[in-house]
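Undergrad: Requesting a structural model of the entry that follows:
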Amino acid sequence: MIIRRPRTLLEYSDSIMKRSETAGASSSSSLGATKPIGANPVDKRTYEERVFGKGLFQSHRANGPQSHGLPWEMLLSGVAIVLSSLLVILLGTNAIVQLRTIIPGDRPRMALKVVYIVLSVLGIYTLVVGNAWLYRKLAAHAHRRNANGSYNSVSRLEENYEMNSMQ
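TA: Model (predicted):
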């Protein structure tokens, strides 16, 4: 018993194409149509195009991967979120440590630890609100920069067909 690995889609489609080419050659010779002797039957289509036909979108595999770059707003917002997440973890850990080490009999130290806990929670809140504010500002800047782009939205001057169809 021979165990072989399963064929991939490309191997399977290639074997189907080879079978169809050999079957097509025998059936076309029976009909009397022959290929020219000097013709080279090289098909430059990809395996996917041979099996499924021409797709809706153009393939860019021949040109290599397409890189459109990373907007600096997204990069800056991501770095701010990562750094503030680190600070949130540290402040949260500080609040938990301060809470766990409160000694009820020592009032001055207990009040100081409560102040540390409140400051840590306020710091976490400030970081979260600051990240939201920074993202809104950077998103607005990116939107203003792309306002003259090739696609913004459907024109506001056109009729609203959905509302007209309700009448």
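
Undergrad: Neighbours of residue 95, how many?
TA: Residues near residue 95, counting by other C-beta atoms under 10 Å, number 19. For the C-beta atoms, the positions are set from N, CA and C on the backbone; glycine is no exception.

Undergrad: What distance do you get for residue 111 to residue 48?
TA: Distance, residue 111 to residue 48, by C-beta to C-beta, to the nearest Å: 71 Å.

Undergrad: ok, the two, which is more surrounded?
TA: Shown here are residue 111 and residue 48; by other C-beta under 10 Å, residue 48 has more neighbours (15 against 11).

Undergrad: Could you tell me the average pLDDT over the helix or strand hosting residue 99, please?
TA: Using DSSP states H and E, residue 99 sits within helix 72-100. Per-residue pLDDT over helix 72-100 has a mean of 94.

Undergrad: Quick one: name whatever helix or strand follows that helix.
TA: helix 107-145.

Undergrad: Buried residues of that following helix, list them for me.
TA: 113, 116, 117, 120, 123, 124, 127, 131, 134, 135, 138 (16 or more other C-beta atoms under 10 Å).

Undergrad: Who are the contact partners of residue 130?
TA: 80, 84 (C-beta atoms under 8 Å, 6 or more residues apart in numbering).

Undergrad: What separation is there between it and residue 122?
TA: Using C-beta to C-beta, residue 130 is found at 12 Å from residue 122.

Undergrad: where in the chain is pLDDT low?
TA: 1-2, 4-10, 12-13, 17, 20-41, 55-69, 143, 145-167 (pLDDT under 70).

Undergrad: pretty sure residue 43 is touching residue 50, no?
TA: Yes. Residue 43 lies in contact with residue 50 (C-beta atoms under 8 Å); the separation is 6.6 Å.
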